[in-house]
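1. Need coordinates for the below:
(one chain, ligands or ions: 1)
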Amino acid sequence: MKILIFPDAEAAARETARRIVAQLVAKPDAVLGLATGGTMEPVYAALAAAVARGDCDGRRFTSFNLDEYVGLAGDHPQSYRHYMNRHLFDAIGLPAAQARLPRGDAPDPAEEARRYEAEIAAEGGIDLQLLGIGNNGHIGFNEPTSSLASRTRIKTLTRGTVEANRRFFGPDEQVPSLAITIGIGTILESREALLLATGGAKAEAVAAMVEGPLSAACPASALQMHPRATVICDEEAAARLQLRDYYETVHPGGTEPAITAPKGLERTRT
Ligand code: PGA
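-> Model (predicted):
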């Protein structure tokens with residue numbers, strides 16, 4: 001795992017957006033895995049601004065979101081479809097057929113989950129998977145004890161997750177407790193994974209993900225098995241990392257220094 005620590009949430013979000021733009025420059029018709037949540041809002045604002053500047057093409061990629069609440073239609077203001085339209089898709093003009101999310105109001109949610117998994121496979125899998133992390137270590141809505149080999153399916157949200165999501169709902173609205181989520185096995189098949197965590201509330205989950213045991217108790221720890229996973233965090237989210245000095249030595253200020261030979265040991269011509 002590559003751990004990049006930035007001074008604040010803004011810088012961390014900017015770097016996340018920069019990496020998505022780089023992916024779209026390298027492969028404009030890439031398949032992106034996208035995430036929702038408060039953490040991603042500045043990332044999508046930066047990405048939309050980059051598309052507006054012409055830094056990358058925002059109309060050729062295909063995206064699959066991680067999850068959707070069961071029972072909410074796409075035009076419900078708290079659906080993740082609505083979130084994505086508001087924060088990204090409308091701004092960049094991504095054709096609707098390329099902007100995929102599970103249908104929360106599908107008549108048979110279990111069948112919808114299977115269909116969604118097959119749709120990802122039919123597009124050739126995910127090139128770059130963007131992820132947030134829950135306070136309890138969830139990725140997507142794969143709550144603790146989710147199978148690390150799971151596929152897209154219905155999950156029941158923990159009480160803590162429901163409470164964390166309550167801030168997005170009105171006082172008289174019931175927060176949904178079921179979601180269709182991409183599985184951890186599906187996430188692990190992405191060609192590259194990029195997880196963004198900001199704020200002190202995530203510090204414990206970040207430490208468990210990076211330095212804890214590989215365990216379904218912290219679903220994000222499955223990323224330890226991903227061949228190309230990068231964790232981008234701010235100082236607050238990094239606060240509980242034991243090996244922080246090491247990560248900052250390898251990637252000072254979140255950079256990727258060039259690999260050079262040790263001084264005095266450079267290869268000499270024979
Ligand atoms: P947040 O959600 O960005 O709103 O904190 C992240 C998550 O639960 O995955």
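
2. Counting neighbours, what do you get for the residue of the chain found nearest the ligand?
-> Closest contact between the chain and the ligand, by CB to the nearest ligand atom, is at Gly37 (2.6 Å). Bear in mind the C-beta positions are built from the backbone N, C-alpha and C, glycine included. Neighbourhood size, Gly37 [other CB atoms under 10 Å]: 17.

3. how close does it get to Gln242?
-> Per CB to CB, to the nearest Å, Gly37 is found 26 Å from Gln242.

4. ok, Ile180 - contacts?
-> 67-68, 70, 102, 104, 109, 112-113, 116, 152-155 (CB atoms under 8 Å, 6 or more residues apart in numbering).

5. now Thr158
-> Shown in contact with Thr158 (CB under 8 Å, 6+ apart): Asn136, His138, Glu143, Pro144.

6. and the last one, helix, strand or coil?
-> Classification of Pro144 using DSSP: H, G, I helix; E, B strand; the rest coil returns coil.

7. Can you give me the neighbour number for it?
-> Neighbours of Pro144 under the rule other CB under 10 Å: 18.

8. Give me every residue in the stretch 101-250 of the chain lying close to the ligand.
-> By CB under 6 Å from any ligand atom, the residues of the stretch 101-250 of the chain that approach the ligand are Gly132, Ile133, Gly134.

9. Repeat the analysis, applying 8 Å as the threshold.
-> 131-135, 138-141, 161, 164-165, 199, 201-202 (CB under 8 Å from any ligand atom).

10. So which of those residues sit within strands?
-> Leu131 (DSSP state E).

11. can you give me the strands in the chain?
-> Under the criterion DSSP E, strands of the chain are mapped to 2-6, 31-34, 62-65, 67-69, 99-100, 128-131, 153-156, 178-181, 192-197, 229-234.

12. Would you format those as a markdown table with distance to Glu266 included?
-> What follows is the strands of the chain, written out as a markdown table (distance: least, CB to CB, whole Å):
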| stretch | distance to Glu266 |
| --- | --- |
| strand 2-6 | 26 |
| strand 31-34 | 40 |
| strand 62-65 | 45 |
| strand 67-69 | 50 |
| strand 99-100 | 50 |
| strand 128-131 | 35 |
| strand 153-156 | 53 |
| strand 178-181 | 50 |
| strand 192-197 | 32 |
| strand 229-234 | 29 |
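
13. Could you dump those strands into TSV with mean pLDDT added?
-> Below are these laid out as TSV (pLDDT from 0 to 100):
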stretch	mean pLDDT
strand 2-6	98
strand 31-34	98
strand 62-65	98
strand 67-69	98
strand 99-100	98
strand 128-131	98
strand 153-156	98
strand 178-181	98
strand 192-197	98
strand 229-234	98
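
14. For the contacts of Thr158, which single residue is the most surrounded?
-> When neighbours are counted by other CB under 10 Å, His138 leads these with 27 neighbours.

15. circling back to that earlier point, which among the contacts of Ile180 end up buried?
-> With burial judged by 16 or more other CB atoms under 10 Å, the buried subset of the contacts of Ile180 is Asp67, Glu68, Val70, Pro102, Gly104, Pro109, Glu112, Ala113, Tyr116, Thr152, Arg153, Lys155.

16. doesn't Lys155 make contact with the third one?
-> What that stands for is Val70. No - counting by CB atoms under 8 Å, Val70 does not reach Lys155; the two are 9.3 Å apart.

17. Between those two, which contacts overlap?
-> Common contacts of Val70 and Lys155, defined by CB under 8 Å, 6+ apart, comprise Leu178, Ala179, Ile180.
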